[in-house]
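Undergrad: Mind folding the following:
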Amino acid sequence: MMIRAFFLAVALLLTLPASAQSAKNFKQADARAEAERSKHSDATSSYAETWAEFNNQHHLDERDGCYYMAEGSLTQILEIDESGKVVGYFSDKDNGRSKCWAQTYLGVVFPKPPFAPYWHKLVMH
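TA: Just a heads-up that it's a prediction; the model follows:
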């Protein structure tokens with residue numbers, strides 16, 4: 001019984017760092033993206049170019065017709081893990097466009113970011 005409790009405790013400890021890094025809402029994700037940008041400006045600028053190149057090569061922002069799902073601007077934050085996979089999606093609006101892009105981006109594997117989690121901020125018009 002004691003061994004079982006030990007393994008359960010170890011399993012919980014291993015999952016805490018990963019779950020502790022995910023934001024609870026858009027406001028928190030946006031704050032993390034802004035802090036990351038100010039702390040690592042060269043790395044975030046460089047990765048933003050790499051990310052945009054990959055996104056454009058695969059036409060990700062165009063493939064599902066998300067631009068036409070709503071009008072106005074939309075700010076999105078993508079949480080990208082150490083492998084480059086989009087594991088979190090946050091937006092400042094809840095509409096057809098944001099729901100469409102969440103389906104488009106969640107699970108996509110981009111090039112590996114310079115650190116993780118990486119908070120990628122996008123403003124769509």
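Undergrad: Tell me the gap between stretch 83-98 and the middle of its chain.
TA: Stretch 83-98 sits 7 Å away from the centroid of its parent chain (C-alpha atoms, centre = their mean, to the nearest Å).
Undergrad: can you check stretch 113-125 too?
TA: 6 Å.
Undergrad: This structure: strands as residue ranges?
TA: For the chain, the strands defined by DSSP state E occupy 74-80, 86-91, 118-124.
Undergrad: With respect to burial, which of the ones you listed scores highest?
TA: Mean neighbours per residue, mean count of other C-beta atoms under 10 Å, is largest over the strands of the chain for strand 74-80, with a mean of 22. Bear in mind the C-beta positions are built from the backbone N, C-alpha and C, glycine included.
Undergrad: Alpha carbons of it, in PDB - could you do that?
TA: Taking Å, rounded to 0.1, in the frame of the first residue of the first chain, the C-alpha atoms of strand 74-80 are listed here in PDB:
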ATOM      1  CA  LEU A  74      -9.100  39.400 -32.800                       C
ATOM      2  CA  THR A  75      -6.200  38.900 -30.500                       C
ATOM      3  CA  GLN A  76      -5.000  35.400 -30.000                       C
ATOM      4  CA  ILE A  77      -2.400  33.800 -27.800                       C
ATOM      5  CA  LEU A  78      -1.100  30.400 -28.600                       C
ATOM      6  CA  GLU A  79       0.700  28.300 -25.900                       C
ATOM      7  CA  ILE A  80       3.400  26.300 -27.600                       C
END
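Undergrad: what angle do it and strand 86-91 make?
TA: 160 degrees (axes from the mean of the first three to the mean of the last three C-alpha atoms, to 10 degrees).
Undergrad: and strand 74-80, how far from the chain's centre?
TA: Remark: strand 74-80 is offset 5 Å from the chain centroid, using C-alpha atoms, centre = their mean.
Undergrad: Now do that strand: which elements does it pack against?
TA: Packing contacts for strand 74-80, counted by 3 or more C-beta pairs under 8 Å, 6 or more residues apart in numbering; DSSP states H and E, involve helix 26-39, strand 86-91, helix 96-105, strand 118-124.
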